[in-house]
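> I'll drop the sequence and a predicted model, then ask my questions.
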Amino acid sequence: MSTQPLANTLANTEVCSECQRLLEASENAREVWNEHRVEICRSRLVGKETGDELLRLQAKYARAYAAFQKHVQNCVQARFTNCGRRTS
């Protein structure tokens, strides 16, 4: 898996602005989820509230990524660019 953010990979290609916005939102949600997960593991936090927070962040990422994927499937411009091709 590449450590380079997908948004940087797409920076030099033509993509529609909505595709770029949705991609960035998805990556931001994934980063926040991962950062919280790492912090919770390091701190050895447990409990329902901790688990609920991680599930909320995971769901937020899943919704953001699903919106990106849906857009890519329906976007004419995305079909002819690298917009929908994940490299990571």
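Arrived safely.
> what residue ranges in the protein score low on pLDDT?
1-15, 78-88 (pLDDT under 70).
> how about the helices in the protein?
6-10, 17-43, 48-74, 76-79 (DSSP state H).
> redo those helices as TSV? Include mean neighbour count.
All C-beta atoms are positioned from the backbone trio N, CA, C, and that covers glycine. Output for the helices of the chain, formatted as TSV (neighbours: other Cβ atoms under 10 Å):
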stretch	mean neighbour count
helix 6-10	16
helix 17-43	15
helix 48-74	14
helix 76-79	13
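> compute the distance between the residue lying farthest from the centre of the chain and Lys60, please.
Most distant from the centre of the chain: Gly47, at 26.1 Å, with distances by Cα atoms, centre = their mean. Here Gly47 is placed at a distance of 20 Å from Lys60 (Cβ to Cβ, to the nearest Å).
> likewise for Asn74?
For Asn74 relative to Lys60 (Cβ to Cβ), the value is 22 Å.
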